[in-house]
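Q: Let me see the structure of the following:
(2 chains, ligands or ions: 2)
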Amino acid sequence: MLKRVALILAPWFVIVGLWYGLAYSGLINEALIPTPHAVATRFWELLTQARLPLDIWMSTQRVFLGVTLGITLAVPVGFVLGWYKQIRSFIDPLINFFRALPPIALIPLVVVYFGIGEFAKVVILFYASFFAGVIVMYEGIAQISPIYVRVARTLGATDSEIFRKVIIPLTVPHMLTALRVALGVAWATLVASELIAAQQGLGALIQNASSFFQLDIIYVGIICIGFIALAMDLSIRAFTRRLVSWQDRIA
Amino acid sequence: MKHPARISFQNVALEFSGDSGPVKVVDNVSYEIGNGEFVSVIGPSGCGKTTMMNMVAGFLQPTSGHVLIDGKPVKGPGPDRGVIFQEYGVFPWLTVHDNIDFGLTLSANKKSRTERHEICNRYMNLMGLSDFANAYPKMLSGGMRQRLAIARAYAVNPQFLLMDEPFGALDAQTRAHMQDLLLQVLQTEGKTVMLITHSVEEAVYMSSRIVVMTARPTRIREIIEVPFPYPRDPSLHEDPLFGQLRSRVRSMVMREYAAQARQTHEATD
Ligand SMILES: Nc1ncnc2c1ncn2[C@@H]1O[C@H](COP(=O)(O)OP(=O)(O)OP(=O)(O)O)[C@@H](O)[C@H]1O
Ligand SMILES: [Mg+2]
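A: Ligands and ions are numbered 1, 2, ... in the order given. As a prediction, the model looks like this:
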């Protein structure tokens, strides 16, 4: 157990070590690379005396809303596309077209149509998580072997029984994977979404800091995003392991 | 054959639509399977055995002719015909117990809770799966998955068993064991069986009749009566008459394989 913890922590220490090395090497202007402890101090300051808790809360809330809406739509749409091959063949190019558009490019349009409020930011996150989720979902569903449906039919299952007792259980693992991917993409899109006149949020924190050239705050923002995304991913994975322990492999 | 026929093929032909027009796979096949009979179907790989079984199971309709169950055309799959697929198809998301229970929970076979419990336990015992009641299929060996697929089909008490090379993937010992197990179970619960196999030994050991098919498009080469009475036991393998019959069937099957090889040879020339 101790060994495992050590193994998990080792690469993080290596990164911090490299960071120190770089900061003290003199290769880069000191003003351009704050030391890890300076960033840590700033993190503590922001957390206890300033806005960081609110930033984290606002960003998490936006990501949560965007992903919830995105996945709620991606699951049925992805399911239909995965199950009905004929529909997929002509919808697939459309999905890949929209998926390829960088959310940042859509910001002007989103501002025109949805304004600059909370909703506009959630729309960007929704967009990103929907297209990421829908692809994972339909790729997964398309791979489900038809043998299980055939077996169920030979045992006398009706269409609705097949849906409830065969198709749903086979769909759940793909839903969870789609959720994981969508969450990852949503966090990656957060800063873009908070380009829309955000006062609070980790993206807003980073942008404000950049106008004042506060590199340590930028690092605090980036590291927070990374760790929150990591924590969410780990918890979904733990949940997945419990819920679909029947699977051979858990992605 | 005992009359009346339970399963009958009447001038059955089936074509698949291929890239260059229709491909005839089954060509004018007629035969009947009587009540309680155990019929093995044997023939070259790719000749159309699974296709024939799929017509009985209700997954395919003949292009011409009729496939009848108790005199009525097959409309679709149903719980009266248990199917053991070439690729088992045990449900990976259900435990061994719940796989067997699956059919019993369906409205087509509605069973009370106590009945379900009793049936699941009976077949887990019979198939030697009791110790794995709560295991998921990912933890089972190939032979155990096979037994699970058989137990699941048996649980809903079908009148027909359609088996597509059920023992193909098993080692020789497990295979022999599974054959005897199946014969035992059939002894207590009579069923009408159609077994697809590549093994002449298996066909002669288990069946009351053997249907030898030709290469594609498949027709019936010959139907052979197997005279040994049931119950059969492994000593039958040593019987000289068994040996004679096995040789006869084997040479017939070998000729069909050779014919198939010639066909593909000509096709590639
Ligand atoms: N859905 C399909 N569409 C087109 N051709 C098919 C289809 N299913 C099977 N075939 C073709 O029909 C032929 C017979 O297939 P089938 O699966 O019945 O063979 P088989 O006798 O069961 O072979 P094996 O012993 O290898 O299992 C094969 O040549 C196969 O390529
Ligand atoms: Mg086959």
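Q: Number of residues surrounding residue B:147?
A: Neighbourhood size, residue B:147 [other CB atoms under 10 Å in any protein chain shown]: 29. Glycine gets a C-beta too; all of them are placed from N, C-alpha and C.
Q: what are the phi and psi values for the closest residue to residue B:36 other than its chain neighbours?
A: Of all residues not flanking residue B:36 in the chain, residue B:190 sits nearest, at 4.9 Å (CB to CB, 6 or more residues apart in numbering or on different chains). Here is the backbone geometry of residue B:190 (degrees, to the nearest 10): phi -60, psi 130.
Q: Just give me the neighbour total for residue B:190.
A: 11.
Q: now swap in residue B:241 and tell me
A: 10.
Q: Residue B:249 versus that one, what's the distance?
A: 13 Å (CB to CB, to the nearest Å).
Q: Render the CA-only coordinates of stretch B:196-210 in CSV, please.
A: What follows is stretch B:196-210, C-alpha atoms only, in CSV (Å, rounded to 0.1, in the frame of the first residue of the first chain):
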residue,chain,number,x,y,z
ILE,B,196,-24.6,-29.1,-35.8
THR,B,197,-21.2,-30.5,-35.5
HIS,B,198,-17.9,-31.0,-37.4
SER,B,199,-17.1,-34.2,-35.4
VAL,B,200,-18.1,-37.5,-37.0
GLU,B,201,-17.4,-39.2,-33.7
GLU,B,202,-19.7,-36.9,-31.8
ALA,B,203,-22.5,-37.2,-34.4
VAL,B,204,-22.4,-41.0,-34.3
TYR,B,205,-22.1,-41.1,-30.5
MET,B,206,-25.0,-38.8,-29.8
SER,B,207,-27.6,-38.9,-32.5
SER,B,208,-30.4,-41.1,-33.7
ARG,B,209,-29.9,-39.9,-37.3
ILE,B,210,-27.1,-38.0,-39.1
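Q: Would you mind pulling the contact partners of stretch B:108-121?
A: The contact list for stretch B:108-121 (CB atoms under 8 Å, 6 or more residues apart in numbering or on different chains) reads A:155-158, B:78-79, B:97, B:100-101, B:103-105, B:130, B:133, B:155-157.
Q: any idea of the mean pLDDT in that stretch?
A: Mean pLDDT, computed over stretch B:108-121, is 92.
Q: Regarding residue B:162, which helix or strand does it belong to?
A: Per DSSP states H and E, residue B:162 falls inside strand B:160-164.
Q: next structured bit after that strand?
A: Downstream of strand B:160-164, the first helix or strand assigned by DSSP H and E is helix B:172-188.
Q: Check which element follows that next one along the chain.
A: Per DSSP H and E, the first helix or strand lying C-terminal to helix B:172-188 is strand B:192-196.
Q: Show me the strands paired with that following strand, marking each as parallel or antiparallel.
A: Here strand B:192-196 has these sheet partners by DSSP bridges: strand B:38-42 (parallel), strand B:160-164 (parallel).
Q: and the first one, does that touch ligand 1?
A: No: contact check for strand B:38-42 against ligand 1, using CB under 6 Å from any ligand atom: none in range, with a minimum separation of 8.6 Å.
Q: Closest residue of chain A to chain B?
A: Here chain A gets closest to chain B at one residue, residue A:156, 3.0 Å apart by CB to the nearest CB.
Q: quick one, phi/psi of that residue?
A: Main-chain torsions, residue A:156, degrees, to the nearest 10: phi 100, psi 10.
Q: again with the one 3 residues further on
A: Its backbone dihedrals place residue A:159 at phi -60, psi -40, with angles given as degrees, to the nearest 10.
Q: how near is it to residue A:44?
A: Residue A:159 sits at a distance of 59 Å from residue A:44 (criterion: CB to CB).
Q: Give me the distance between stretch B:105-114 and the centre of its chain.
A: 25 Å (CA atoms, centre = their mean, to the nearest Å).
Q: What are the buried residues along that stretch?
A: For stretch B:105-114, the neighbour count (16 or more other CB atoms under 10 Å in any protein chain shown) marks B:105, B:106, B:109, B:111 as buried.
Q: quick one: which of these is nearest to residue B:148?
A: Taking CB to CB as the measure, residue B:105 is the one of the buried residues of stretch B:105-114 closest to residue B:148, at 16.4 Å.
Q: Give me the spatial nearest neighbour of the residue positioned nearest the centre of chain B, chain neighbours excluded.
A: By CA atoms, centre = their mean, the mean C-alpha position of chain B lies nearest to residue B:163, the distance being 2.0 Å. Nearest residue to residue B:163, sequence neighbours excluded (CB to CB, 6+ apart): residue B:84, at 4.3 Å.
Q: ditto for residue B:204
A: Leaving aside its chain neighbours, residue B:204 sits nearest to residue B:246 (5.0 Å; criterion: CB to CB, 6+ apart).
Q: My read is that the one you found contacts residue B:210, right?
A: No: using CB atoms under 8 Å, residue B:246 is not in contact with residue B:210; the gap is 10.4 Å.
Q: list residues touching both of the two?
A: Contact with both residue B:246 and residue B:210 is made by residues residue B:204, according to CB under 8 Å, 6+ apart.
Q: In terms of neighbours, single out the busier of these two.
A: More crowded of residue B:246 and residue B:210, by other CB under 10 Å: residue B:210, with 25 against 17.
Q: Okay, and the beta partners of that one?
A: Note on residue B:210: beta-bridge partners by DSSP bridges are residue B:40, residue B:224.
Q: residue contacts, it?
A: B:39, B:40, B:41, B:42, B:203, B:204, B:223, B:224, B:226, B:249.
Q: so the last one makes contact with residue B:204?
A: Yes: under the criterion of CB under 8 Å, residue B:249 is in contact with residue B:204, at a separation of 6.2 Å.
Q: Mind checking which of those two has more residues around it?
A: Ranked by neighbour count (other CB under 10 Å), residue B:249 and residue B:204 place residue B:204 first, with 25 against 21.
Q: before we move on, which element is the more buried one in?
A: With DSSP H and E as the test, residue B:204 turns up in helix B:200-206.
Q: quick one, strands of the chain?
A: Here I'm looking at chain A. For chain A, applying DSSP state E gives no strands.
Q: that's the wrong chain, I wanted chain B
A: So, for chain B - with DSSP E - the strands run B:5-18, B:21-34, B:38-42, B:64-69, B:72-73, B:81-84, B:160-164, B:192-196, B:209-213, B:220-225.
Q: possible to save those as JSON lines with mean pLDDT?
A: Shown next, in JSON lines, are the strands of chain B (pLDDT from 0 to 100):
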{"stretch": "strand B:5-18", "mean pLDDT": "93"}
{"stretch": "strand B:21-34", "mean pLDDT": "92"}
{"stretch": "strand B:38-42", "mean pLDDT": "96"}
{"stretch": "strand B:64-69", "mean pLDDT": "95"}
{"stretch": "strand B:72-73", "mean pLDDT": "94"}
{"stretch": "strand B:81-84", "mean pLDDT": "94"}
{"stretch": "strand B:160-164", "mean pLDDT": "95"}
{"stretch": "strand B:192-196", "mean pLDDT": "95"}
{"stretch": "strand B:209-213", "mean pLDDT": "96"}
{"stretch": "strand B:220-225", "mean pLDDT": "94"}
